[in-house]
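S.K.: my questions are about this predicted structure, shown below with the sequence.
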Amino acid sequence: QYTLNPGYMHAICPASCPLTANQTGWRLDADGSVITPSGDCLDVTGQLPAKDAGLNWLRTKPCDPSLPSQKWTYADKELRAMNGLCLGVMSHWLWPQPMVSLLECGSRSTNLTLHLNGTMSTQS
């Protein structure tokens, strides 16, 4: 989206302009951090746009092991944030590809398989 609409995205959602587009090599560390290939961590407070917009797309932030917003657990094929929501994949009319978001746990959209190569997959 940043490439297609850079003026809007940079002004409204600057965190949507990642330094890397690499989608493999993510890992869930023993301390509960979800770390990107570039070394940042998935953070529930980094949602784009803000929560009141109803989309809840996630972004990354510099890792800080003391932040509860960067703690995740993986059980029963769900990656659960410390706020009780789960990482999931959903479609939106604005983007042609599914987007990673925070969703209510227990749905097909939050049923994730973490693979040893650092990728995850869903049946959505």
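M.R.: Now that the structure is in, tell me what you want to look at. Numbers count the residues shown, from 1 in each chain.
S.K.: for the helix or strand residue 80 falls within, enumerate the helices and strands it packs against.
M.R.: Per DSSP states H and E, residue 80 falls inside strand 78-81. Secondary-structure packing of strand 78-81 (3 or more CB pairs under 8 Å, 6 or more residues apart in numbering; DSSP states H and E): strand 72-75, strand 86-92, strand 112-114. (C-beta placed from N, C-alpha, C; glycine too.)
S.K.: make it 10 Å
M.R.: Counting contacts by 3 or more CB pairs under 10 Å, 6 or more residues apart in numbering; DSSP states H and E, strand 78-81 packs against strand 40-48, strand 72-75, strand 86-92, strand 95-103, strand 112-114.
S.K.: go through the ones you listed and find the least confident stretch.
M.R.: Confidence, taken as mean pLDDT, is least for strand 95-103 of the helices and strands packed on strand 78-81 (a mean of 73).
S.K.: residue contacts, residue 110?
M.R.: 76-80, 85-90, 101-104, 122, 124 (CB atoms under 10 Å, 6 or more residues apart in numbering).
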